[in-house]
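S.K.: Need a 3D model of the sequence below.
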Amino acid sequence: MKTTLRSLIGVLALVLLASVASAQYVANDGDKGDGDNPYIGTPYAYTVTPGAGSIEWLVYTNNDLTGLVTAGAGTYTISDPNVANPTITWNAAAGTTYYLTYKETLNSCSTYRGVVVILETNTFNIAMDADVAAVCNVKEGDVLNWDNYDQAGEEVKTSVDYVVNMTKDGSFSIDSWEFKGTLSLPGDLAVANSGDITISGSGTLTVLGGVDNKEFTITGIPAGETSVTISVDISSLVSNGGVAPLGISLGKAIKGVVETASVATGNQSQSNTLKALPAASNISF
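M.R.: Down below sits the predicted model:
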């Protein structure tokens, strides 16, 4: 009986010691895309209202104060570990649990604050439709007076559409989408002015580049929209054509000041072809 009692006391002592040694971190709430369920590769701002002491942010892989293990190099990056409001980007595998710890020291005495951080897989993605059928020059089917449309004549504008799709996890709450587009044109095709690139629905399109290699951004696309159609009026002579690919990059989902990068899977470009018209001469007699 004494042996059993001593064993029981020993077990209770170990349990008590473990409970004392375990740091009291704020529990993870499970909401995807916030600071304690961050998406991989996305910067998050963390902040405290500090006291009068010196500041140090630490990241551990356990919460046992008798044997803390510091997270390895490369698993996260921090803008400055000694300020009250650092930005942290998490780079480890989804499902990894960390213990983000704020340490403040005053008069050689320290206290800690902590939160449990569990990394999430980023399911946000921007991708384009597959390549579509070629489009004939807008004058297709017309009776042409070749004096107006030969190599010395006027160019015409043919509208070509590109479709970009946005998808995300249903539990990921965002304010808006944005991305960058680059339109590459062969020498016989051009975009005459910035107003010749437009988008369907809401959002702001800003043209950045020159005529033959148009770069633009689309920002402020409402969170509820799942696709955007980009219409480009391509200028060309009726006898000229070619392949006009449009690529996308820098896809982001915006939530307040947090920008979540697209995982960039699926088609990141779409090639449309503008078909030239036959170059027969006018009828002579």
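S.K.: With the flanking residues excluded, which residue is spatially nearest to residue 157?
M.R.: residue 233 (4.1 Å; Cβ to Cβ, 6 or more residues apart in numbering). Backbone N, C-alpha and C define where each C-beta goes, glycine included.
S.K.: surely that neighbour meets residue 193?
M.R.: No: counting by Cβ atoms under 8 Å, residue 233 does not reach residue 193; the two are 9.0 Å apart.
S.K.: now the residue lying closest to residue 68 once chain neighbours are set aside, which residues is it bridged with?
M.R.: Leaving aside its chain neighbours, residue 68 sits nearest to residue 60 (4.9 Å; criterion: Cβ to Cβ, 6+ apart). When bridges are called by DSSP bridges, residue 60 pairs up with residue 70, residue 99.
S.K.: which residues sit in contact with residue 60?
M.R.: Residue 60 makes contact with 68, 69, 70, 71, 98, 99, 101, according to Cβ atoms under 8 Å, 6 or more residues apart in numbering.
S.K.: And the fourth one, what's its pLDDT?
M.R.: As predicted, residue 71 sits at a pLDDT of 89.
S.K.: could we number from 23 for the rest of this?
M.R.: With the count now opening at 23, the last piece we talked about shows up as residue 93.
S.K.: now it: how far from residue 100?
M.R.: Distance of residue 93 to residue 100, computed by Cβ to Cβ, to the nearest Å: 11 Å.
S.K.: The third one now?
M.R.: Going from residue 92 to residue 100 by Cβ to Cβ gives 13 Å.
S.K.: now residue 69
M.R.: 13 Å.
S.K.: Looking at the two, which has the bigger crowd around it?
M.R.: Using other Cβ atoms under 10 Å, the more surrounded residue of residue 69 and residue 100 is residue 100, with 17 against 12.
S.K.: list the contacts for the more buried one?
M.R.: Neighbouring residues of residue 100 by Cβ under 8 Å, 6+ apart: 79, 108, 109, 110.
S.K.: quick check: mean pLDDT across stretch 121-135?
M.R.: On average, stretch 121-135 scores 94.
S.K.: Tell me which of residue 255 and residue 215 has more neighbours.
M.R.: For residue 255 and residue 215, the more surrounded residue by other Cβ under 10 Å is residue 255, and the numbers stand at 17 against 11.
S.K.: Could you tell me what pLDDT the model assigned to the more buried one?
M.R.: 93.
S.K.: got the contact list for it?
M.R.: Neighbour list for residue 255: 179, 180, 181, 182, 213, 214, 218, 219 [criterion: Cβ under 8 Å, 6+ apart].
S.K.: Okay, the second one and residue 301: tell me how far apart.
M.R.: Look at residue 180 and residue 301: by Cβ to Cβ, they are 16 Å apart.
S.K.: Which one's more surrounded, those two?
M.R.: Neighbour count, other Cβ under 10 Å: between residue 180 and residue 301, residue 180 has more, with 21 against 13.
S.K.: Out of the contacts of residue 255, list just those in strands.
M.R.: 179, 180, 181, 182, 219 (DSSP state E).
S.K.: Which of the residues in the longest strand seen in the chain are classified as buried?
M.R.: Secondary structure of the chain per DSSP E: the longest strand is strand 264-277. Within strand 264-277, the residues scored as buried using 16 or more other Cβ atoms under 10 Å are 266, 267, 268, 269, 270, 273, 274, 275, 276, 277.
S.K.: pLDDT weak spots in the stretch 23-172 of the chain?
M.R.: Flagging of the stretch 23-172 of the chain using pLDDT under 70 yields the residue ranges 23-45, 155, 171-172.
S.K.: So which residues of it form helices?
M.R.: Using DSSP state H, counting those that start in this stretch, the helices of the stretch 23-172 of the chain run over 24-43, 168-171.
S.K.: who does the last one touch, helix- and strand-wise?
M.R.: Secondary structure elements in contact with helix 168-171, counted by 3 or more Cβ pairs under 8 Å, 6 or more residues apart in numbering; DSSP states H and E, are absent; no helix or strand qualifies.
S.K.: Next, report how far that helix is displaced from the centre of its chain.
M.R.: Here helix 168-171 is found 47 Å from its chain centre; the criterion is Cα atoms, centre = their mean, to the nearest Å.
S.K.: Residues contacting that helix, please?
M.R.: Outside helix 168-171, the residues touching it (Cβ under 8 Å, 6+ apart) are 161, 175, 176, 178, 259, 260, 261, 302, 303, 304.
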